[in-house]
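Colleague: With the sequence up front, the predicted model follows.
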Amino acid sequence: MTSNQTIQERVENYWTNRSSSFLEQRTREFHSPLKDRWITEFEKYLPQKTELKILDIGCGTGFFTGILSQMGHEVIGIDLTKEMIHLAAVFAKQEKFDAQFLVMDAQNLEFKGASFDIVIARNVTWTLPDVPKAYQEWLRVLNKGGLLINIDGNYGASSMTDTSHLPQHHAHHHLSQDTLTECEMIQRSLTISSEVRPQWDVQYLLNQEVDSLQIDQSISQRIYLEKDEFYNPTPLFLLCAKK
């Protein structure tokens, strides 16, 4: 067993342990003002086409999958965690949208090349043992002219165990100290955590098969207007690479 496999197993176990609370949180988020704010952001990038084929990487319980499906697109959501995928199917039935959900490793996609118009991910790359491999895979499955949209933060520079700066009702206050410590231990073991982001991502993607690259480092200012349970103190960046 390689060290990356060991890390990956820890990542999978961590998110399995958090999956049940994730469904409850994402349900509340889906019915909050954040949903319409994300739709506004998506509309800035998605081509004006009747139906796009979209791959939602690390979909969790299907928050982005549901939004994009309800916008009229054909969406496949993948996640490494079996329990997340099970709950995503529950979420889809609950919120009345059609999507396909598959257990799959974001770094080793089981799709043919040029299969999707859009590949999208939120808060995924910071959890991956091999981000370069993931980016290569995501670009591989994109159609020519397709878009890779990656939304993430420079989480390697943050402490996962310090919740003192979070709002009173924030979801992380409900996590045990053991859970927070495990998250920090995983974070410290990942190579991507030592990189300065999004500068590293920009440099890497510009050396790949991309025609253009857009970056937005102010997206958090438009999404997280309230300091509530969904508030993310780590500023997000959005990268949109056109193949």
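Modeller: That came through, no problem. What you see is a predicted model, and the numbers here were worked out from it, not measured in a lab. Numbers count the residues shown, from 1 in each chain.

Colleague: Where does the residue nearest to Cys240 when sequence neighbours are not counted sit: helix, strand or coil?
Modeller: Among residues not flanking Cys240 along the chain, Gln214 sits closest, at 4.4 Å (CB to CB, 6 or more residues apart in numbering). (C-beta placed from N, C-alpha, C; glycine too.) When classified by DSSP: H, G, I helix; E, B strand; the rest coil, Gln214 comes out as strand.

Colleague: My read is that Gln214 contacts Phe237, right?
Modeller: No. If you go by CB atoms under 8 Å, Gln214 and Phe237 don't touch, sitting 10.8 Å apart.

Colleague: would Leu147 count as being in a strand?
Modeller: Yes. Per three-state DSSP, Leu147 lies within a strand segment.

Colleague: Please give me every residue in contact with the nearest residue to it once chain neighbours are set aside.
Modeller: With sequence-adjacent residues excluded and distances taken as CB to CB, 6+ apart, Leu147 is closest to Ile118, at 5.3 Å. Neighbouring residues of Ile118 by CB atoms under 8 Å, 6 or more residues apart in numbering: 46, 52-55, 73, 142, 146-149.

Colleague: Who has more neighbours out of Gln214 and Phe237?
Modeller: Each of Gln214 and Phe237 has its neighbours counted (other CB atoms under 10 Å); Phe237 has more, 21 against 13.

Colleague: Skip the chain neighbours and tell me the closest residue to the more buried one.
Modeller: Nearest residue to Phe237, sequence neighbours excluded (CB to CB, 6+ apart): Pro198, at 4.3 Å.

Colleague: Under a three-state scheme, what state does the residue nearest to Leu147 occupy?
Modeller: Of the three states, Ile118 takes strand under three-state DSSP.
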